[in-house]
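Participant: structure of the sequence below:
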Amino acid sequence: MSAADSVLLIAFGGPEKPEDIRPFLQLVTAGRRIPPERIEEVAHHYEAIGGRSPLNELTFKQAKGLRRALKREGLSHPVFVGMRNWHPFLHETLAAMKDLGHRRALGIILSSFQTEASWERYLADVAAAREKVGPGAPEVAYAPPWFDHPRFIEAVADRVAEALGRVAPESRKAAPVVFTAHSVPAAMADGSPYVAQFTAAARAVAEKLSHPRWSLAYQSRSGSPREPWLEPDIADVLRGLAGEGIGDVVVAPIGFVCDHVEVLYDLDVAARQLAEKQGARFHRAAAVNDHPAFVEMLADLARAGLGK
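Facilitator: Reported below is the predicted structural model:
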């Protein structure tokens with residue numbers, strides 16, 4: 001593919017108002033064997049965090065920051081946002097790009113680690129969206145995985161440092177930092193670099209902070225209880241730490257680029273309640289969201305992909 005004339009940020013998408021919640025969840029779970037009661041349970045989680053997800057808004061903030069970073073370097077390439085599961089859907093964005101005369105886009109997938117449930121499905125959804133748009137749909141080439149990009153590590157480290165700053169100074173060094181990512185079926189993980197990338201990124205953050213005590217946990221499992229999924233679950237990790245008499249625990253959702261229901265409910269509500277019930281003080285690090293270092297990472301990826 002010849003040089004790209006635009007940048008496309010590719011994100012998961014989320015409901016923006018209460019009446020969006022159930023249609024959104026139907027889209028997300030289409031073709032999957034998710035029990036209706038589980039879908040309704042997640043709908044209530046969205047209702048508990050205000051009836052919407054900030055993911056879309058935050059993704060547009062990331063795009064705005066990227067646009068500014070490119071402009072500072074004299075690059076006028078427009079930055080678009082396409083969502084897998086809500087407006088603006090990928091096909092809507094690609095159709096708008098086509099109408100504006102764009103023919104080749106650099107796609108940046110906003111998913112920290114690679115597995116079939118993340119990276120591969122984004123690729124498949126872009127291909128399906130291009131087919132839906134039809135002849136003249138922009139071609140899309142992709143930036144490489146960025147789980148170990150120094151700017152991403154810097155952004156996460158800064159978020160973790162902020163959370164550690166809420167721990168009393170005399171307890172800070174001993175406070176465990178638990179990095180979390182979305183659990184996926186074990187069979188799916190076995191055929192991907194997901195766990196290796198998660199581990200490498202978490203280790204890099206801990207080393208940058210010179211923080212000796214850290215571990216990994218998985219969260220937000222949504223599949224059949226009969227199917228093995230990645231473990232340990234964050235709930236089990238929190239119980240174990242409480243059993244050791246740990247007073248403070250920092251949880252860092254490194255596997256989530258933006259605050260979404262997995263962060264705002266599964267961690268801020270469910271995990272926090274469990275930790276506090278066990279007698280531990282729970283400190284959640286923010287997702288990278290539109291952290292300046294993360295935006296600079298996006299700019300680095302864009303410059304490299306645009307050949308600038």
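Participant: going by C-alpha atoms from here, please, whenever you check contacts or count neighbours.
Facilitator: OK.
Participant: now the most centrally placed residue in the chain: closest residue in space that isn't a chain neighbour?
Facilitator: Closest to where the C-alpha atoms of the chain average out (Cα atoms, centre = their mean) is residue 256, at 2.7 Å. Nearest-residue entry for residue 256: residue 287, 6.3 Å, with adjacent residues in sequence omitted and distances by Cα to Cα, 6 or more residues apart in numbering.
Participant: any weak-confidence spans in the stretch 51-200 of the chain?
Facilitator: For the stretch 51-200 of the chain, no stretch has pLDDT under 70.
Participant: show me the strands in it, by range?
Facilitator: Taking DSSP state E, counting those that start in this stretch as the test, the strands found in the stretch 51-200 of the chain are 79-83, 104-109, 139-142, 177-182.
Participant: can you add mean neighbour count and give those strands back as JSON lines?
Facilitator: Conversion of the strands of the stretch 51-200 of the chain to JSON lines gives the following (neighbours: other Cα atoms under 10 Å):
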{"stretch": "strand 79-83", "mean neighbour count": "24"}
{"stretch": "strand 104-109", "mean neighbour count": "24"}
{"stretch": "strand 139-142", "mean neighbour count": "19"}
{"stretch": "strand 177-182", "mean neighbour count": "24"}
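Participant: would TSV of these with distance to residue 120 be doable?
Facilitator: Converted to TSV, the strands of the stretch 51-200 of the chain look like this (distance: least, Cα to Cα, whole Å):
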stretch	distance to residue 120
strand 79-83	15
strand 104-109	10
strand 139-142	12
strand 177-182	15
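Participant: which one of those strands lies closest to residue 122?
Facilitator: Comparing the strands of the stretch 51-200 of the chain against residue 122 with Cα to Cα, the closest turns out to be strand 104-109 (7.3 Å).
Participant: backbone phi and psi for the residue nearest to residue 256, please?
Facilitator: Comment: the main-chain dihedrals of residue 287 come out as phi -70, psi 170, following degrees, to the nearest 10.
Participant: that one reaches residue 251, doesn't it?
Facilitator: No - contact status for residue 287 versus residue 251: not in contact, 10.5 Å apart, counting by Cα atoms under 8 Å.
Participant: who has more neighbours, those two?
Facilitator: In terms of neighbours (other Cα atoms under 10 Å), residue 251 is the more surrounded of residue 287 and residue 251; the figures are 28 against 21.
Participant: then that one would be within a strand, right?
Facilitator: Yes - with DSSP: H, G, I helix; E, B strand; the rest coil as the criterion, residue 251 is located in a strand.
Participant: contacts only, for it.
Facilitator: For residue 251, the residues meeting the contact criterion (Cα atoms under 8 Å, 6 or more residues apart in numbering) are 177-180, 282-285.
Participant: okay, those residues in CSV with distance to residue 9 next?
Facilitator: Formatted as CSV, the entries for the contacts of residue 251 read as follows, by distance: Cα to Cα, whole Å:
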residue, distance to residue 9
177, 30
178, 28
179, 25
180, 23
282, 32
283, 30
284, 26
285, 24
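Participant: mind giving me the domain ranges of this protein?
Facilitator: Recorded structural domains for the chain (assignment: automatic domain parsing) are 6-144+291-306, 150-284.
Participant: what's in contact with stretch 47-54?
Facilitator: Under Cα under 8 Å, 6+ apart, the answer for stretch 47-54 is 14-18, 20-21, 46, 258-261, 264-265.
Participant: straight-line length of it, end to end?
Facilitator: Across its full length, stretch 47-54 reaches 13 Å between end residues, using Cα to Cα, to the nearest Å.
Participant: next one: the residue located most distally from the centre of the chain relative to residue 248, how far apart?
Facilitator: Most distant residue from the mean C-alpha position of the chain: residue 170, 32.3 Å away (Cα atoms, centre = their mean). Counting by Cα to Cα, the separation of residue 170 from residue 248 is 11 Å.
Participant: from residue 176, how far out is the residue farthest from the centre of the chain?
Facilitator: Between residue 170 and residue 176 the distance, using Cα to Cα, works out to 14 Å.
Participant: for residue 156, same thing?
Facilitator: In this view, residue 156 and residue 176 are 16 Å apart by Cα to Cα.
Participant: between the two, which one's more packed in?
Facilitator: For residue 156 and residue 176, the more surrounded residue by other Cα under 10 Å is residue 156, and the numbers stand at 28 against 21.
Participant: which residues touch the more buried one?
Facilitator: For residue 156, counting by Cα under 8 Å, 6+ apart, the contacting residues are 205, 254, 287-288.
Participant: thought residue 113 was touching residue 148?
Facilitator: No - under the criterion of Cα under 8 Å, residue 113 makes no contact with residue 148, lying 9.7 Å away.
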